[in-house]
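Participant: this one's sequence-less:
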């Protein structure tokens, strides 16, 4: 299978004096090389490709540090020497590896916060896509999102926010359309670094089709543009 991996949009500060988002792209998980070209067409190798977006939380509590720790932890778990034949043998093992990696990122953020009191309370969301063969395995914790766009059926949200507002929508107390403007849309119910609970990531398997675009983003995108606006931008670009 051949894919094109692209960093489509990236802002250093998103209108603020600092940016707490971090991302990581690895087009060949079989290779120890970390290099990535902005637009890269690749033949997918045995261990697949990895895309990660993390959104740090708490400007005064080193959200950028939490996001960086999360990225570095994922890089550790997805190093070539750790992706053995057993992990790659079944979808269940692949999904379990994603869960282990995300939980480890949570533990590392909490451990750093205990050692560095000035960073206590820092946290991050995470969403990652591990593309293996004809499937994308999506793991997330928080409200960073994964979408799939296909010219034949448009934009599809693959993840479900771990947020207070999403719980209102799920219970029927709030419509999807009204959720976008809800004043508590920034309250998330799961994240990395939350000392009240162990990270509880969700992981799903998604079949890929010709011309699919997999997009990962923080709420710096989907909190500003509605899904129909995002779909319109992708359709015309």
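Facilitator: Okay, I see it. Just so it is clear, the model here is predicted, and its values are computed rather than measured.
Participant: pretty sure residue 68 belongs to a strand, no?
Facilitator: No - if the criterion is DSSP: H, G, I helix; E, B strand; the rest coil, then residue 68 is helix and not within a strand.
Participant: thought it was touching residue 21?
Facilitator: No - with contact defined as C-beta atoms under 8 Å, residue 68 does not reach residue 21; the gap is 10.5 Å. C-betas here are computed from N, CA, C, even on glycine.
Participant: for those two, indicate the residue with more neighbours.
Facilitator: residue 21 (23 against 18; other C-beta atoms under 10 Å).
Participant: now the more buried one, what are its backbone angles?
Facilitator: Phi and psi for residue 21, reported as degrees, to the nearest 10, are phi -80, psi 150.
Participant: picking that back up, anything in contact with each of residue 68 and residue 21?
Facilitator: Shared contacts of residue 68 and residue 21 (C-beta atoms under 8 Å, 6 or more residues apart in numbering): 54, 56.
Participant: how far off centre is the helix ranked longest in the chain?
Facilitator: Across the chain, the helix with the greatest residue count (assigned by DSSP state H) is helix 91-115. Relative to the centre of its chain, helix 91-115 is centred 13 Å away, using C-alpha atoms, centre = their mean, to the nearest Å.
Participant: residues making contact with that helix?
Facilitator: The contact list for helix 91-115 (C-beta under 8 Å, 6+ apart) reads 65-66, 69-70, 73-74, 76-78, 83, 86-88, 119-124, 126, 128, 130, 132, 135, 137, 139, 141, 192-195, 198-199, 201, 203-205.
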